[in-house]
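*Asks:* Sequence first, then the predicted structure, then my questions.
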Amino acid sequence: MSTFELIINVIVITLLVLTIVYIWRLNRNINILRNNQDSIASLAQSLTEASKKAENAVISLKAAAHETARNLHNLVEEAEQTGQSLNNFIDIDSSDNDEPKSEAEIELIEALRALR
């Protein structure tokens, strides 16, 4: 074997060793990337589930708000009708002076007039 062949063989061996080291490091980085991809996929799944739960909660809140608004509207209408009935009662009572009234009726009418 000549010196030239020896130098070529040393260069080839050095390049092979460098290639093996490079491939080993590349393989390690690829494994780290794969492990991170699993974590990212898990995180994305968790985020998707949280988004669905939040969306369902918003839908439930909207339904509850509509139901509360409907109930409040009914209560307001009922209060207005009661107020109109009381006003009618007070107005009829003030025009109807023929019947004698008990003391409790008089006090009730006075209290209702004070509320008006």
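*Replies:* Structure's in. What do you need?
*Asks:* can you give me how far stretch 42-59 is from the chain middle?
*Replies:* 9 Å (CA atoms, centre = their mean, to the nearest Å).
*Asks:* Within the helices and strands, which one has the spatially most central residue of the chain?
*Replies:* Centroid-nearest residue in the chain: A54, 4.0 Å away (criterion: CA atoms, centre = their mean). Using DSSP states H and E, A54 falls within helix 3-95.
*Asks:* by contact count, what packs against that helix?
*Replies:* helix 103-115 (3 or more CB pairs under 8 Å, 6 or more residues apart in numbering; DSSP states H and E). C-beta: built from backbone N, CA, C; applies to glycine.
*Asks:* what angle do the helix it packs on and helix 3-95 make?
*Replies:* Relative orientation of helix 103-115 and helix 3-95, computed by axes from the mean of the first three to the mean of the last three CA atoms, to 10 degrees: 130 degrees.
*Asks:* Can you tell me how far A79 is from L86?
*Replies:* Using CB to CB, to the nearest Å, A79 is found at 10 Å from L86.
*Asks:* quick one: which of these two has more around it?
*Replies:* Per other CB atoms under 10 Å, whichever of A79 and L86 has more neighbours is L86, with 14 against 10.
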